[in-house]
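[1] Give me a model of this one.
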Amino acid sequence: MKRGVQVSIGLTVLALLACGLPLAWQQKSDESCDTSVDGANETVYTAHRWTEDQLPGIGDYLEVHYHVTVLGTPCDRNVPGPTDMRYEGLIRLRPADADELAGEYDWKPLPSGATFTFGTPDDMWPRLAPFAPAGTTWLHSEQYAQTTSTGPLPGDLFLSADRATAYFLLSTG
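    A predicted model of the protein is given here:
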């Protein structure tokens, strides 16, 4: 075989490796991303991260259980921009904070079959439901909803003052 043909074949093999390996790594990276997103979508978190800025009136709550839903296709490299997240959770409030929150807004019983922009406790993710006190009667406040309807994490909150529990829904997009 002539030296020129050998060089051409060698360069072709190098070009194929240079193009093919990054594509294979990208595929592996995409699969890893999908696994991470699926794991995040199935996890109940308990980090004490929610503040009065995001959910006015929650005070120094006792515990929280929340769920994150990654919206859209965050692993698609062809989709620009940040990934939107939806958070929903149950917060066990200190009784004094629950009473104070109940007195600050115009809470009304949640009508059966009611729909709201961000959802209702009836739409609660099934893995959160065990953390809701049995027999909970949820209250809703349009005034509170207006307070939390803007900003980087718009959302809504439903209150059970007698059970010192709040159910929240927040979204980045």
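[2] Wait, residue 155 touches residue 170, no?
    Yes - with contact defined as C-beta atoms under 8 Å, residue 155 and residue 170 form a contacting pair (3.5 Å). Bear in mind the C-beta positions are built from the backbone N, C-alpha and C, glycine included.
[3] what is in contact with the two at once?
    Shared contacts of residue 155 and residue 170 (C-beta atoms under 8 Å, 6 or more residues apart in numbering): 54-55, 87, 118, 148.
[4] could you show me where the helices are in this structure, in order?
    The residue ranges that make up the helices of the chain, judged by DSSP state H, are 3-41, 95-104, 142-147.
[5] Throw the shared contacts of residue 155 and residue 170 into TSV and include pLDDT and neighbour count, thanks.
    Supplementary listing: the shared contacts of residue 155 and residue 170 in TSV, determined by pLDDT from 0 to 100; neighbours: other C-beta atoms under 10 Å:
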residue	pLDDT	neighbour count
54	92	18
55	95	24
87	95	20
118	89	19
148	90	21
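[6] got the CA coordinates for stretch 147-164 in PDB?
    Once non-C-alpha atoms are left out, stretch 147-164 reads as follows in PDB (Å, rounded to 0.1, in the frame of the first residue of the first chain):
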ATOM      1  CA  THR A 147     -49.400  37.900  48.000                       C
ATOM      2  CA  THR A 148     -47.500  34.800  46.700                       C
ATOM      3  CA  SER A 149     -48.600  35.000  43.000                       C
ATOM      4  CA  THR A 150     -45.500  37.000  41.800                       C
ATOM      5  CA  GLY A 151     -41.800  36.800  42.300                       C
ATOM      6  CA  PRO A 152     -39.200  34.200  41.500                       C
ATOM      7  CA  LEU A 153     -41.300  31.400  43.100                       C
ATOM      8  CA  PRO A 154     -45.000  32.200  42.600                       C
ATOM      9  CA  GLY A 155     -47.400  29.800  44.200                       C
ATOM     10  CA  ASP A 156     -50.200  29.200  46.700                       C
ATOM     11  CA  LEU A 157     -50.700  27.800  50.100                       C
ATOM     12  CA  PHE A 158     -53.500  26.000  51.800                       C
ATOM     13  CA  LEU A 159     -53.900  26.000  55.600                       C
ATOM     14  CA  SER A 160     -55.200  23.700  58.200                       C
ATOM     15  CA  ALA A 161     -54.800  25.900  61.300                       C
ATOM     16  CA  ASP A 162     -56.300  23.400  63.700                       C
ATOM     17  CA  ARG A 163     -53.800  20.800  62.500                       C
ATOM     18  CA  ALA A 164     -50.900  23.400  62.300                       C
END
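[7] Having no further points to raise, I will conclude here.
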